[in-house]
Each structure stands twice: as C-alpha cells, then as structure tokens.
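Colleague: task: produce atomic coordinates for the following.
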Amino acid sequence: MSRLGRPPLEGLKRQLRNRRDHLSQAGEGGRGAGPRDSFVRETFTLERSEARQKAREWFDKYPRAAYWTQVESWRQLPDQRIEFTMRRLPTAD
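Modeller: Residues are numbered from 1 along each chain as shown. Presented below is the predicted three-dimensional model:
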C-alpha cells in the first residue's frame with residue numbers, strides 16, 4: 001500500500017499572495033483587514049436558542065428582500081454555544 005503525500009500547496013500560496021497584493025494595491029481606506037464590500041456584519045456568540053432568536057430579529061428588522069440579510073457563517077463551539085456572523089446591506093434601496 002502506498003501512502004499519499006501531502007498535496008502541493010503552491011497553488012494555494014499563489015492565490016493568497018495574489019489576494020494580498022490585490023488588497024494592498026486597492027488601499028486600506030481606513031478600514032480593517034476585513035472584507036472590502038459595503039455589507040454590515042456583526043458576529044455573535046450565543047446559546048443555540050438565543051442565536052436563533054437573534055438571527056430572527058435581524059431578519060425581522062432587516063428583511064432579506066431589501067437588505068440581502070443572511071447568516072454569513074456559523075459554527076458550534078465546544079461549549080455548545082453558536083458563533084455566527086450576520087450580514088446585511090447598510091440601507092434598503
């Protein structure tokens with residue numbers, strides 16, 4: 001039986017380098033190292049039931065159709081709490 005070696009990482013390294021170069025050329029504009037788009041993001045760490053309630057509050061306050069509201073990412077922590085990031089547009093058009 002042959003053992004598979006680690007996959008080559010050159011492609012990933014090249015993508016990361018290109019992304020960093022692109023961001024540095026675009027300029028920081030006084031913003032942090034976060035995404036360079038117009039979305040408003042907020043990250044929460046709550047118990048499961050509280051997390052659902054908070055997400056529902058966001059969807060009620062910022063309707064998906066107008067603000068493109070969504071749960072951008074989430075994960076369950078070892079202590080059974082949920083860490084999640086909500087994303088929306090700053091204004092409705």
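
Colleague: let me know the next secondary structure element after the helix or strand that contains R75.
Modeller: Element membership of R75 [criterion: DSSP states H and E] is strand 70-76. Reading on from strand 70-76 to the C-terminus, the next helix or strand found by DSSP H and E is strand 82-88.

Colleague: pairing partners for that next one, with directions?
Modeller: Each strand paired with strand 82-88, and its direction, by DSSP bridges: strand 40-46 (antiparallel), strand 70-76 (antiparallel).

Colleague: centre of the chain to the first one, how far?
Modeller: To tie it back to what came earlier, the one meant is strand 40-46. 10 Å (CA atoms, centre = their mean, to the nearest Å).

Colleague: got it, and the last one?
Modeller: Centroid separation for strand 70-76 versus its chain: 7 Å, with CA atoms, centre = their mean.

Colleague: contact partners for Y67?
Modeller: R88, L89, T91, A92 (CB atoms under 8 Å, 6 or more residues apart in numbering). In this view, the C-beta of every residue, glycine as well, is placed from N, C-alpha and C.

Colleague: compute the distance between the first one and R19, please.
Modeller: So that's R88. 24 Å (CB to CB, to the nearest Å).
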